[in-house]
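Participant: structure, please.
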Amino acid sequence: MKRLTYISKFSRHLSPQDIENIGSVSSEKNRLNNITGVLFCLGEIFFQILEGEETKIDVVYEKILRDDRHTEILCLKLENDITERLFPEWSMRTINLDENTDMLVKPIKTLLHNVTESHRILEKYTQPTIFKLIKNGVNPLEVRPRKVEKIIMFCDIISFSTIADKLPVEQVVFLVNHYLTICTNIISERGGEVTKFIGDSVMAYFDGDQADDAIQASLDILTEIQNLRNTALNGSILRVLHTGIGLAKGLVIEGNIGSTVKKDYTILGDAVNLASRLEGATRNLPYALIFSAAVKNSAHHKWDFVYLGNRQTKGKSEPVQIYSIDCDITRYSAENEPINDYLAKIIEQLNFSSFI
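Facilitator: As a prediction, this is how the structure comes out:
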């Protein structure tokens, strides 16, 4: 048998009668499927334990994940091969703690609130893939590493060191948070996933067949940042916010990497290193987006590609063919000098006074 414990929030207000009806319907359905358990409700939070035959528990949980009365569903624990039920007499006992004033119940209320709050906080620090596995009842530590084809993206703020040296801490954090929010939202909207932040840099990946999505996400980021520069007030650091983006495609190792103390669910491989180095090449070439021939060759959209030549990169015995998209948004205007040097001089001369 399997036992599953999850927590979720109400997606809309549910009256005590609504909760009682949920319990009645669940109890009848669970009785027919020999599923037992308990459902607590507290402050618009569901906390439920289900136990029964594995396939039947999976079916019930799939229905819960699709139920529009739930939001922010999180599997807290999944136990396989259990031999004894905790609630053999309850097809689904429903307990509305909001209607219970017993002082003995107060610690339970506090515990559920704290568990919910802790998991919501941890969610902000957790990679989406990991949280998705947890939400679906999969232990990420049990996921075996595998080789997969990915398109890797690196994004980075240009002249960030100069900016960090010149500005107060509050403005530096404001700038970085604004930048990371833009990148994260656009990458997610285009089907990619941010795997980590490295200072002011973003490392993300797309599936191997998502070259067009990766290119479009890059253009969207450049467009959003250009709009931000154009609409920012005089004296705002956002006026000089520029980014470089590198894309590379290849086989990588995806899985749990780390020590016994700390692990990352991340990707390793030559494509990761290449994407990082192509992003770095945007400092010396007049294009904000640079990608490898493998990315170009797997795209299906009729992009206006521009060939930037062969570039020798660290770790590669042969030069790499590199490309960009020929449009205004990808081209720097830096008076014929590297964008990094050009921006560094401007930043040194300006007196920033506004956050926005």
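Participant: go ahead and confirm I95 touches F46.
Facilitator: No: applying C-beta atoms under 8 Å, one finds I95 not in contact with F46, separated by 11.2 Å. (Glycine included, C-beta is placed from N, CA and C.)
Participant: residues shared between the contacts of those two?
Facilitator: Common contacts of I95 and F46, defined by C-beta atoms under 8 Å, 6 or more residues apart in numbering, comprise L39, F40.
Participant: higher neighbour count, the two?
Facilitator: Counted by other C-beta atoms under 10 Å, I95 and F46 do not tie: F46 has more neighbours, with 23 against 17.
Participant: isn't the more buried one right next to H70, touching?
Facilitator: Yes: in this structure, F46 is within contact of H70 by C-beta under 8 Å, at 6.6 Å.
Participant: break down the stretch 1-150 of the chain into its strands, ranges please.
Facilitator: 2-10, 36-42, 45-52, 70-80, 93-96, 146-157 (DSSP state E, counting those that start in this stretch).
Participant: name the helices or strands packed onto the longest one?
Facilitator: Read that as strand 146-157. Applying 3 or more C-beta pairs under 8 Å, 6 or more residues apart in numbering; DSSP states H and E, one finds that strand 146-157 makes contact with helix 169-189, strand 201-207, helix 211-231, strand 243-258, helix 270-281.
Participant: how about those, which one is nearest K314?
Facilitator: Proximity to K314, assessed across those by C-beta to C-beta, is greatest for helix 270-281 (6.4 Å).
Participant: beyond the closest one, next helix or strand please.
Facilitator: As assigned by DSSP states H and E, the chain's next helix or strand after helix 270-281 is strand 289-292.
Participant: show residues contacting that following strand.
Facilitator: With contacts defined as C-beta under 8 Å, 6+ apart, strand 289-292 is touched by 214-215, 218-219, 222, 244-249, 274, 278-279, 281-282, 308, 320-325, 330.
Participant: low-scoring pLDDT stretches of the stretch 1-150 of the chain, where are they?
Facilitator: Scanning the stretch 1-150 of the chain for pLDDT under 70 picks out the ranges 100-106, 109, 119-127, 131, 134-137.
Participant: what's the neighbour count on the nearest residue to N139 once chain neighbours are set aside?
Facilitator: In space, N139 comes closest to L78 once its chain neighbours are excluded; the distance is 6.9 Å by C-beta to C-beta, 6 or more residues apart in numbering. Around L78 there are 17 other residues, counting by other C-beta under 10 Å.
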